[in-house]
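Undergrad: coordinates for the following, if possible.
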Amino acid sequence: MNEQQTRAQDFRSLHVPGEPLVLVNAWDAASARIVAAAGARAVATTSAGVAWSRGAPDGDALARDRAVDVIRLLAAAVRLPVTADIESGFGDTPEDVADTVTAVLGAGAVGVNVEDARHDGTGPLRAVDDQCARLGAVRAAADRAGIPLYVNARVDTFLRGVGGVPETAARAEAYLAAGADGIFVPGTVDPATVAALVAAVPAPLNVLAGPGAPPIAELARLGVARVSLGSAVAEAAYAVAHRAAAEAFGAGTYGALADALDYGTINALMRD
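TA: Down below sits the predicted model:
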């Protein structure tokens, strides 16, 4: 078994209901190393943060090769499993999605998120059969590569406001049959809803957390297996840049820069 296969197996083992894998999503080498140094067991990318760092909006706008370049950079920067948010697969067809996964595996990732949201204005979500074909292509590409890729199928029913627990569970069941390993349901952290999703989805459940969400310990008690912070960390980092610029151009002061991670600490992390 090679190193990537070992990392893939290790990453799979981290998805335990009630003992959630916590992912503080990164978007470049420095953020990945900061997260790893803080005690992460794995590193995940944020598609929004990656897109913004490359000068593009989130939502299937970034070119595949540019996204893969960032994934490769992160995978080389840390000695941990890396899972990549590949939006809806960077392609129109299942074959395109398979090509994306082949490239992502070649970049060193051992997990992917694949969402069922549409960004082309033809509807909020892909048809279930269409998404199943795309997930099947993901699984087939991973099998051809000999990597036990962890496929996290994102169900955007709550995020897009087009379905509750029953619709989410039905989509989850179909996606799992198509080759997914886990289910990611962003858009709700209501404890009763999360508990209902844990009960209805026969796979590790991933939720998206941030300010206002229950603490990780409570999500663990509800049976969640994975907690992601998504784009929130990148948003917070860019908020510091925004506040610093507004203050410097306005009052001419520098208070927004207080409590910064110091130069020496960051520079030392980049030497490892």
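Undergrad: now the end-to-end length of stretch 19-36.
TA: Terminal residues of stretch 19-36 lie 19 Å apart, using CA to CA, to the nearest Å.
Undergrad: give me the buried positions along that stretch.
TA: By neighbour count on 16 or more other CB atoms under 10 Å, the buried set for stretch 19-36 is 20-29, 31-36. Where C-beta positions appear, they are placed from N, C-alpha and C, glycine not excepted.
Undergrad: what does the pLDDT read for residue 165?
TA: Confidence at residue 165, expressed as pLDDT, is 98.
Undergrad: circling back to that earlier point, so which of the buried residues of stretch 19-36 sit within strands?
TA: Of the buried residues of stretch 19-36, the ones assigned to strands by DSSP state E are 21-23.
Undergrad: okay if I get these as CSV plus distance to residue 101?
TA: Formatted as CSV, those follow (distance: CB to CB, whole Å):
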residue, distance to residue 101
21, 21
22, 25
23, 19
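Undergrad: hmm, back to that, just give me the closest of the buried residues of stretch 19-36 to residue 99.
TA: Each of the buried residues of stretch 19-36 was scored against residue 99 by CB to CB, and residue 27 proved nearest at 22.9 Å.
Undergrad: that closest one and residue 46 touch, don't they?
TA: Yes - contact criterion CB atoms under 8 Å: residue 27 and residue 46 qualify, at 5.5 Å.
Undergrad: any common contacting residues for the two?
TA: Counting by CB atoms under 8 Å, 6 or more residues apart in numbering, the shared contacts of residue 27 and residue 46 are residue 234.
Undergrad: flag the shaky bits of the protein, pLDDT-wise.
TA: Within the chain, no range satisfies pLDDT under 70.
Undergrad: what are the ranges of the helices in it?
TA: Under the criterion DSSP state H, the chain contains helices at 3-13, 29-37, 47-53, 64-77, 94-106, 128-145, 157-160, 165-178, 191-200, 216-221, 232-249, 263-269.
Undergrad: which residues does the first one contact?
TA: Right, the one you point to is helix 3-13. 1, 42, 80-83, 105, 108, 110-111, 146-150, 181.
Undergrad: compute the inter-axis angle for that helix and helix 94-106.
TA: Here the directions of helix 3-13 and helix 94-106 differ by 110 degrees (axes from the mean of the first three to the mean of the last three CA atoms, to 10 degrees).
Undergrad: buried residues, helix 3-13. List them.
TA: So, applying 16+ other CB under 10 Å, buried residues of helix 3-13: 4, 7-8, 11-12.
Undergrad: cool, and the fifth one?
TA: Using 16+ other CB under 10 Å as the burial criterion, the residues of helix 94-106 that qualify are 94, 97-105.
Undergrad: isn't residue 153 up against residue 132?
TA: No - using CB under 8 Å, residue 153 is not in contact with residue 132; the gap is 9.5 Å.
Undergrad: which residues do those two both contact?
TA: Common neighbours of residue 153 and residue 132, using CB under 8 Å, 6+ apart, are residue 175.
Undergrad: of the two, who's got more company?
TA: More crowded of residue 153 and residue 132, by other CB atoms under 10 Å: residue 153, with 29 against 22.
Undergrad: for the ones in strands among the buried residues of stretch 19-36, which one is nearest residue 258?
TA: Of all those, residue 22 has the smallest distance to residue 258: 26.8 Å, by CB to CB.
Undergrad: what residues are bridge-paired with the closest one?
TA: residue 227 (DSSP bridges).
Undergrad: on that earlier part again, figure out which of the helices of the chain is closest to residue 87.
TA: helix 47-53 (4.9 Å).
Undergrad: show me what the closest one is packed against.
TA: Counting contacts by 3 or more CB pairs under 8 Å, 6 or more residues apart in numbering; DSSP states H and E, helix 47-53 is packed against helix 64-77, helix 232-249.
Undergrad: got the ones you listed as TSV, with distance to residue 267 and mean neighbour count columns?
TA: Output for the helices and strands packed on helix 47-53, formatted as TSV (distance: least, CB to CB, whole Å; neighbours: other CB atoms under 10 Å):
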stretch	distance to residue 267	mean neighbour count
helix 64-77	14	19
helix 232-249	17	14
